[in-house]
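>>> The amino acid sequence is not available; the structure is as follows:
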């Protein structure tokens, strides 16, 4: 089993945090993992994306040409990366920031009102974790409890953020029917 996830957004939206939390959780469950961040010209406001590969076997390369899942935090991410998705891939996009999605044959679409859910459950800056929670419902490669443990460990020094982040994850998970 090999699952490849590409998460993309603008710098500051937390795309790299999504990949880091996911990769850390996958290691807790004894999967082979690769995490490859890619920064744009500027951190906040520029482009940022990462690929996370989770496998039951060793991973030959962290480079992912055709991901199984695209988590798109904004419209430029959808436009840039949807052509790379293979038939059967899943596109999970932030419907609060993406008003129109180009058609890609064979791709399965999931619209998540991430900003709204983040505002209602935690804080609008948690929209990235809402998207990760939604992805866990669509592609349950990791247990939600393990993901929550990863959040606790990675954000442990910021205890006030931990409970908000876990609420955002749960809100995203519950948003998918």
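Good, I have the coordinates. These numbers come from a predicted model, not from an experiment. Numbering: from 1, shown residues only.
>>> how about the helices in the protein?
Secondary structure of the chain (DSSP state H): helices located at 15-28, 75-81, 114-121, 127-138, 144-154, 159-175.
>>> okay if I get these as JSON lines plus mean pLDDT, distance to residue 34 and mean neighbour count?
For every residue, glycine as well, the C-beta is placed using N, CA and C. Converted to JSON lines, the helices of the chain look like this (pLDDT from 0 to 100; distance: least, C-beta to C-beta, whole Å; neighbours: other C-beta atoms under 10 Å):
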{"stretch": "helix 15-28", "mean pLDDT": "96", "distance to residue 34": "8", "mean neighbour count": "22"}
{"stretch": "helix 75-81", "mean pLDDT": "94", "distance to residue 34": "18", "mean neighbour count": "18"}
{"stretch": "helix 114-121", "mean pLDDT": "95", "distance to residue 34": "25", "mean neighbour count": "21"}
{"stretch": "helix 127-138", "mean pLDDT": "97", "distance to residue 34": "17", "mean neighbour count": "27"}
{"stretch": "helix 144-154", "mean pLDDT": "94", "distance to residue 34": "16", "mean neighbour count": "17"}
{"stretch": "helix 159-175", "mean pLDDT": "91", "distance to residue 34": "22", "mean neighbour count": "20"}
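>>> Quick check: which of those helices is nearest to residue 69?
helix 127-138 (6.3 Å; C-beta to C-beta).
>>> Would you mind telling me which of the helices of the chain is nearest residue 59?
Shortest distance between residue 59 and those, using C-beta to C-beta, is found for helix 15-28: 10.9 Å.
>>> Residues contacting the closest one, please?
5, 7-9, 33-35, 37, 39, 48-52, 54, 71, 73, 77, 128-129, 131-132, 141-142, 146-147, 149-151, 153-154 (C-beta atoms under 8 Å, 6 or more residues apart in numbering).
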